[in-house]
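Undergrad: no sequence for this one, just the structure:
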Ligand code: SF4
């Protein structure tokens, strides 16, 4: 598959994932609480009924998975620390409520997603209190989707029934890999029986919006045989959606990634290289497609009955930091440490640091660490990147009409730069469209990279 691909293209192994554009490393720390305040008022005044997703970040985990690059704060068993963090979260929610009440706004939250960290490490009492607090700004009963990330090691059928009773209608299991050798190498022992116990028709009925499995490609000791077995098991357990992400290696930030494989700090052995990762991906993809799943964007697969597969067929599917979505919302309000918000044409991110997060809230300020206001060029490029990454093609006429430009003139340097991709058979440019070929699908991020205007100034990690 990688034969005859230009080395200049192959060496772009670290193109951003483009869940947002520009990447958050280009956002400005000059933007803060006041900017977030005005962006929200601007959006909700212009479009009072705009559908919104509320993202809630739950800090802390009880055990460290060595591949992880989520912001978890620390590893702790302490329920007191969790309670303390939840109190901060509630004060952030109260800030939003105060703003909405002051301006007589009733935002149309249509979805909530609980991520982390480990939301399933909260006690049932704390979880109920969290939902109670969320209810102060969200009409839980009328949500179209309320989803949660589930750690199968800390869950049970009873817990799943409890979540259902709290209003949750979609669950996402952190699986990573079913192979015991791979699980050991990433410090996440999770026998398949744990997941099997949490599946079945009774559970599917509780969560009508579907069940997702998160699997990672490129973990230590993964081979073509192990990934095939893992995917066969996925097919047997039959989730509605599978997110098959490449391992994001960033040991500069997540130092514990150096523990992978042998539990000692150092260069992780047995990590599949670039070529092996592509091979693993291809085998997994073929297994899923043969079983009837549809590829929905770069790294997601869904049953044809899933909302995302339907949205893809209708051209409505979207892509954000939470993965592919059915395109029912574009604006996101994030609460909790490090969470992101997309408010109209603005991006914001909360502090990573607990002390700064706490201090901001104490002063009655939104705990914003950095932000970015997208200009017209950002919006155009974001649209091009998102469309290519989601649908593997783009029709120039759509961009011309939407932004009153001529695609070929606007993107002349980019189209020249894509010549290598055409020569290598990764894309075709015809009938005023770019089509990423079957061979090129795995390079979709690299094709998007060509349209990234900020990449020249990318910080060195
Ligand atoms: S992968 Fe999930 S459970 Fe493991 S450390 Fe990261 S957030 Fe926690």
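TA: Ah, there it is. Remember, it's a predicted structure, so these values are computed and weren't measured experimentally.
Undergrad: pop the domain breakdown of this protein in here.
TA: 21-335, 376-461 (automatic domain parsing).
Undergrad: quick one: the strands in the stretch 251-400 of the chain, in order.
TA: Using DSSP state E, counting those that start in this stretch, the strands of the stretch 251-400 of the chain run over residues 294-295, 300-302, 318-320, 323-325, 331-335, 340-343, 346-350, 368-373, 393-395.
Undergrad: I'd like to know how far the spatially closest residue to residue 436 that is not a sequence neighbour sits from residue 406.
TA: Setting aside the residues directly before and after it, residue 436 is nearest to residue 392 in space (Cβ to Cβ, 6 or more residues apart in numbering), at 4.1 Å. The C-beta positions use only the backbone N, C-alpha and C, and glycine is treated the same way. From residue 392 across to residue 406, the span is 23 Å (Cβ to Cβ, to the nearest Å).
Undergrad: among the strands of the stretch 251-400 of the chain, which comes closest to the ligand?
TA: Closest approach to the ligand among these (Cβ to the nearest ligand atom): strand 323-325, 14.8 Å.
Undergrad: strand partners of the closest one, parallel vs antiparallel please.
TA: Using DSSP bridges, the strands paired with strand 323-325 are strand 318-320 (antiparallel).
Undergrad: quick revisit: of residue 392 and residue 406, which one has the most company?
TA: Taking neighbours as other Cβ atoms under 10 Å, residue 392 and residue 406 compare with residue 392 leading, 20 against 12.
Undergrad: looking at the strands of the stretch 251-400 of the chain, which is closest to residue 172?
TA: strand 323-325 (8.6 Å; Cβ to Cβ).
Undergrad: give me every residue in the chain lying close to the ligand.
TA: Along the chain, the residues adjacent to the ligand under the rule Cβ under 6 Å from any ligand atom are 61, 64, 65, 68, 70, 72, 116, 117, 118, 151, 174.
Undergrad: including pLDDT, neighbour count and secondary structure, could the residues you listed go into TSV?
TA: Output for the residues of the chain next to the ligand, formatted as TSV (pLDDT from 0 to 100; neighbours: other Cβ atoms under 10 Å; DSSP: H, G, I helix; E, B strand; the rest coil):
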residue	pLDDT	neighbour count	secondary structure
61	97	21	strand
64	96	16	coil
65	97	21	coil
68	95	19	coil
70	92	16	coil
72	92	22	coil
116	94	23	strand
117	94	24	coil
118	97	22	coil
151	98	21	coil
174	98	22	strand
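Undergrad: quick one, what contacts the closest residue to the ligand within the stretch 251-400 of the chain?
TA: With Cβ to the nearest ligand atom as the measure, residue 256 is the residue of the stretch 251-400 of the chain nearest to the ligand, at 8.8 Å. If you count contacts by Cβ atoms under 8 Å, 6 or more residues apart in numbering, residue 256 has them with 64, 66, 68.
Undergrad: thinking again about what came up before, return the most buried member of the strands of the stretch 251-400 of the chain.
TA: Of all the strands of the stretch 251-400 of the chain, strand 300-302 carries the top mean neighbour count, a mean of 28, counting by mean count of other Cβ atoms under 10 Å.
Undergrad: what does it rub up against?
TA: By Cβ under 8 Å, 6+ apart, the residues outside strand 300-302 that reach it are 240-244, 285, 288-289, 293-296, 308-309, 312, 323-324.
Undergrad: now the buried members of the residues you listed.
TA: Buried residues within those, counting neighbours by 16 or more other Cβ atoms under 10 Å: 240-244, 285, 288, 293-296, 308-309, 312, 323-324.
Undergrad: show me which pair in the residues you listed is furthest apart.
TA: Those two in the buried ones among the contacts of strand 300-302 that are separated most widely, counting by Cβ to Cβ, are 240 and 285, at 17.2 Å.
Undergrad: all helices of the stretch 301-450 of the chain, in order?
TA: Secondary structure of the stretch 301-450 of the chain by DSSP state H, counting those that start in this stretch: the helices cover 307-313, 354-362, 376-391, 396-403, 407-410, 412-417, 419-423, 444-450.
Undergrad: out of these, flag the one nearest residue 332.
TA: Residue 332 lies closest to helix 376-391 among these, at 14.3 Å (Cβ to Cβ).
Undergrad: where does pLDDT dip in the protein?
TA: For the chain, applying pLDDT under 70 flags the ranges 1-5, 7-16, 261, 266-269, 457-461.
Undergrad: try it again with 50
TA: Along the chain, the parts satisfying pLDDT under 50 run over 460-461.
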